[in-house]
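In: Sequence and predicted structure are below.
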Amino acid sequence: MKVRFSILLLSLPVLLAVLWGFSYEESRLEPTRPLYINDIALYGDKLLTAERCDNTVSLYSRDGRNRLMSWHVAEPPTGVVSDGELIYVTTSFAKGGVEVINPKSDSPVKFIPTGRGACSPILSADGKFLYVCNQFQTTISEIDLATMVVTREVKVLREPKNAVLSKDGHHLFVANFLPVGRANQDYVAGAVSVIDMQSFEKIKDVPLATGSNALRGMAISCDGEYLFITHNLGRFQIPTSQLQQGWMNTSAVSVISAKDFSYGGAVLLDEVDRGAAGVWNVKCTADKMVVSHSGTHEISIIDYPAFVEKYKQVADKESLSYDLKFVVGLRQRIALRGNGPRNFVIADNSAYIPTFFSDTLNVIDLDNPAEISCAALVENRQESDIDKGEKYFNDASYCFQNWQSCNGCHPGDGRTDGLNWDNLNDGTGNPKNCKSMMVAHYTAPSMISGIREHAEKAVRAGFKYIQFNEVSEDIATCVDEYLKNLKPVPSPYLVNGELSGKAQRGRIVYQKYGCGMCHSGPYYTDCKMHVIGEDVEFKQGWDTPTLVEVWRTAPYLFDGRAATMEEVFTVHRHGLNKKSKITSEEIDDLVEYVNSL
């Protein structure tokens with residue numbers, strides 16, 4: 001980037017940037033497009049932000065009122081951290097890895113590939129290593145910062161979304177975003193993986209309460225005793241007939257012993273008559289726990305010593321999953337200015353909280369939270385209908401009592417939560433697996449049973465019958481536009497963007513056994529109903545699902561009875577007649593091909 005301004009028009013922040021030797025582009029002082037801040041980190045007495053919209057990383061003054069400089073990265077930035085000198089930015093779409101930025105350079109100086117879905121970078125205590133979650137590769141990478149290469153890698157359960165080191169540095173705790181396994185059983189839940197740092201091997205998976213999904217935030221208590229994880233808690237075992245008292249979804253912070261890795265319980269952050277939807281991140285100080293709620297645009301400030309004391313006194317920790325009064329008297333709910341607080345940082349007893357859907361920075365003194373300093377990070381901010389649709393999709397203000405947003409069942413940008421839900425649109429007692437919204441508007445009919453003739457109708461029914469609220473046609477149309485424009489993430493099974501040799505053989509198997517008769521066209525569906533198997537609920541059968549992004553939509557089949565794509569063909573022989581003599585090698589190749597779509 002070149003400096004483009006007249007010396008007579010220099011503003012103070014631009015002048016400071018030039019004096020520091022930083023490059024600067026004045027036009028970035030007043031952008032009009034939304035930033036969409038995915039992450040925020042400290043850089044000395046300044047703030048770093050990872051901004052999705054223009055693939056940008058920016059440096060701000062601590063109060064957020066001056067953007068001092070910015071750098072472009074190749075793919076959308078998902079996380080940012082700094083050792084005080086260099087800046088490390090995880091980026092991901094087609095590749096996935098870490099961009100290394102020297103603040104005195106115009107652009108990143110090095111790219112370190114790690115894997116699809118690279119996110120949540122964290123530094124070791126000594127600053128010698130960087131750890132990265134590769135969400136779609138299902139791995140954790142260790143990078144030696146002296147050599148700038150990946151030295152070790154370990155596989156976890158499913159979509160590692162966040163990680164935190166124990167206080168002694170001996171273990172790494174990893175939040176797996178979604179559950180693993182079949183959905184047609186009583187226990188379905190996400191888990192935390194524990195990595196031994198000496199061997200860099202996974203030594204334990206700690207399952208959370210049943211219904212736990214969308215694991216996002218993680219924090220270690222300052223005394224090193226507890227690990228806290230924020231997540232949704234879905235009540236998938238019962239019909240979606242009401243919302244009161246967390247009937248469908250609640251927001252929780254789970255507690256795990258950081259010493260012996262035993263699971264404690266899930267503490268609810270909602271109230272009896274008011275949800276706290278969109279629970280996102282969590283941070284701890286010596287006397288406080290702070291949690292952000294993206295769906296209700298607020299934070300919870302919890303008295304940490306009182307929380308721990310009360311938690312220890314609960315004999316039946318399982319009861320916490322249903323106790324909507326546990327944090328009463330322990331927690332302050334602080335409404336923020338702006339929409340969608342997600343990741344945040346704490347420094348000098350102040351929380352610095354950007355809002356994802358309004359690009360405002362809230363600065364809150366945790367001892368005096370009534371006083372909030374707020375800065376607009378974007379002047380003349382303009383939203384397209386797609387932007388508005390994403391905001392409405394994630395906003396629990398459009399839900400009765402704020403219990404959930406569309407994101408509640410479709411986390412991860414309109415995808416699946418991995419659970420079965422007993423919606424009332426086709427009767428009760430017949431739960432079906434939650435579908436991704438990817439290409440839903442192009443593959444009518446909608447729902448597994450095809451009960452909605454098109455996705456536009458399903459969107460409006462979702463607000464009415466799942467969120468118990470009727471929204472305006474303008475809002476519903478914007479949500480349509482958002483969903484129509486979801487972009488599929490390139491499959492981690494691809495090699496340099498192309499089918500592997502194994503997947504190419506699988507394509508031949510796909511053709512040999514006639515998979516394309518139903519899964520045809522650009523979206524790999526004929527958009528028709530088919531009777532497959534013997535336990536089909538409706539005489540017309542099931543809607544043919546798309547195979548776009550099928551690699552990330554497990555479990556499979558109408559009620560999630562197949563945990564993996566391999567089980568679809570080996571256990572359930574889906575799409576294969578009884579006389580098919582498909583070999584195990586062919587199935588292996590077929591699975592590789594389908595997962596590459």
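Out: Yep, it's here. Predicted model only: the values in this text are computed from it and were never measured.
In: all contacts plus neighbour counts: C-alpha atoms, from now on.
Out: Fine.
In: Tell me which other helices or strands the helix or strand hosting Gly264 touches.
Out: Gly264 is part of strand 263-268, with elements assigned from DSSP states H and E. On a contact count with 3 or more Cα pairs under 8 Å, 6 or more residues apart in numbering; DSSP states H and E, strand 263-268 meets strand 249-257.
In: which residues touch the residue lying closest to Cys518 once chain neighbours are set aside?
Out: The spatially closest residue to Cys518, leaving aside those adjacent along the chain, is Asp526, at 5.3 Å (Cα to Cα, 6 or more residues apart in numbering). When contacts are counted by Cα atoms under 8 Å, 6 or more residues apart in numbering, Asp526 touches Met517, Cys518, His519, Ser520, Thr544.
In: And those residues, which of them are buried?
Out: With burial judged by 16 or more other Cα atoms under 10 Å, the buried subset of these is Cys518, His519, Ser520, Thr544.
In: would JSON lines of these with secondary structure, pLDDT and distance to Cys53 be doable?
Out: Below are the buried ones among the contacts of Asp526 laid out as JSON lines (DSSP: H, G, I helix; E, B strand; the rest coil; pLDDT from 0 to 100; distance: Cα to Cα, whole Å):
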{"residue": "Cys518", "secondary structure": "coil", "pLDDT": "95", "distance to Cys53": "37"}
{"residue": "His519", "secondary structure": "coil", "pLDDT": "96", "distance to Cys53": "34"}
{"residue": "Ser520", "secondary structure": "coil", "pLDDT": "96", "distance to Cys53": "33"}
{"residue": "Thr544", "secondary structure": "coil", "pLDDT": "94", "distance to Cys53": "34"}
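In: Return the backbone torsion pair for Lys288.
Out: Lys288 adopts backbone torsions of phi -140, psi 150, taken as degrees, to the nearest 10.
In: okay, now the closest residue to Leu597 other than its chain neighbours: neighbour count?
Out: Spatial nearest neighbour of Leu597, excluding adjacent residues (Cα to Cα, 6+ apart): Val548 at 5.7 Å. Val548 has 23 neighbouring residues, counting by other Cα atoms under 10 Å.
In: so who does Val548 touch?
Out: Met438, Val439, Pro488, Tyr523, Tyr524, Leu597.
In: hmm, back to that, specify which member of the contacts of Asp526 is nearest to Leu215.
Out: Thr544 (29.7 Å; Cα to Cα).
In: list the contacts for the closest one?
Out: Here Thr544 is in contact with Ile448, Cys518, His519, Thr525, Asp526, Cys527, Lys528, Met529, His530 (criterion: Cα under 8 Å, 6+ apart).
In: how far away is the second one from Thr416?
Out: Right, the one you point to is Cys518. 22 Å (Cα to Cα, to the nearest Å).
In: do the fourth one as well
Out: Distance, Thr525 to Thr416, by Cα to Cα: 18 Å.
In: try the first one
Out: Look at Ile448 and Thr416: by Cα to Cα, they are 13 Å apart.
In: do the same with the fifth one
Out: In this structure, Asp526 lies at 21 Å from Thr416, with Cα to Cα as the measure.
In: pretty sure Leu86 is touching Lys104, no?
Out: No. Counting by Cα atoms under 8 Å, Leu86 does not reach Lys104; the two are 9.5 Å apart.
In: ok, these two, which is more surrounded?
Out: Leu86 (15 against 12).
In: State the distance from the residue nearest to Cys518 to His454.
Out: Relative to His454, and taking Cα to Cα, Asp526 is found at 14 Å.
In: Can you tell me the SS state at Arg460?
Out: helix (DSSP: H, G, I helix; E, B strand; the rest coil).
In: now the one 4 residues further on
Out: With three-state DSSP as the basis, Lys464 sits in helix.
In: go on, Lys283?
Out: What three-state DSSP gives for Lys283 is strand.
In: any idea how far Thr230 is from it?
Out: Counting by Cα to Cα - Lys283 and Thr230 are separated by 10 Å.
In: what's the overlap in contacts for those two?
Out: Met218.
In: The two: which has the busier surroundings?
Out: For Lys283 versus Thr230, the count of surrounding residues by other Cα under 10 Å is larger for Thr230: 30 against 23.
In: Contact partners for that one?
Out: Leu215, Arg216, Gly217, Met218, Ser251, Ala252, Val253, Ser254, Val279, Trp280, Asn281, Val282.
In: Could you identify the most distant pair in these?
Out: Maximum pairwise distance in the contacts of Thr230, criterion Cα to Cα, is 14.3 Å, between Met218 and Ser251.
In: Give me the buried positions along stretch 154-174.
Out: Neighbour count says stretch 154-174 has 155-167, 171-174 buried, by 16+ other Cα under 10 Å.
In: Chain neighbours aside, what residue packs nearest to the residue positioned nearest the centre of the chain?
Out: Geometric centre of the chain, nearest residue: Gly412, 4.4 Å, by Cα atoms, centre = their mean. Sequence neighbours aside, Ala214 is the residue nearest to Gly412 in space, at 7.8 Å (criterion: Cα to Cα, 6+ apart).
In: coming back round to it: and for Leu86 and Lys104, which residues touch both?
Out: With Cα under 8 Å, 6+ apart, Leu86 and Lys104 have no common neighbours.
In: what stretches of this structure score poorly on pLDDT?
Out: 1-31, 535-536 (pLDDT under 70).
In: before we move on, the earlier item: looking at Ile448 and Thr416 now, which is surrounded by more residues?
Out: Neighbour totals were compared for Ile448 and Thr416, and Thr416 leads with 25 against 20 (other Cα under 10 Å).
In: And for stretch 477-494, what's in contact with it?
Out: Applying Cα under 8 Å, 6+ apart, the set of residues contacting stretch 477-494 is 93-94, 115-116, 136-137, 385-390, 392-393, 413-414, 437-442, 456, 459, 497, 499-500, 548-549, 551, 592, 595-597.
In: Just the buried subset of these, written out for ChimeraX, thanks.
Out: Buried members of the contacts of stretch 477-494, defined by 16+ other Cα under 10 Å, are picked up in ChimeraX with:
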select :93,94,115,116,136,137,385,386,387,388,389,390,392,393,413,414,437,438,439,440,441,456,459,499,500,548,549,551,592,595,596,597
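In: how close does Phe538 get to Ala458?
Out: 19 Å.
In: neighbour count winner among the two?
Out: Between Phe538 and Ala458, counted using other Cα under 10 Å, the more crowded position is Ala458 (20 against 12).
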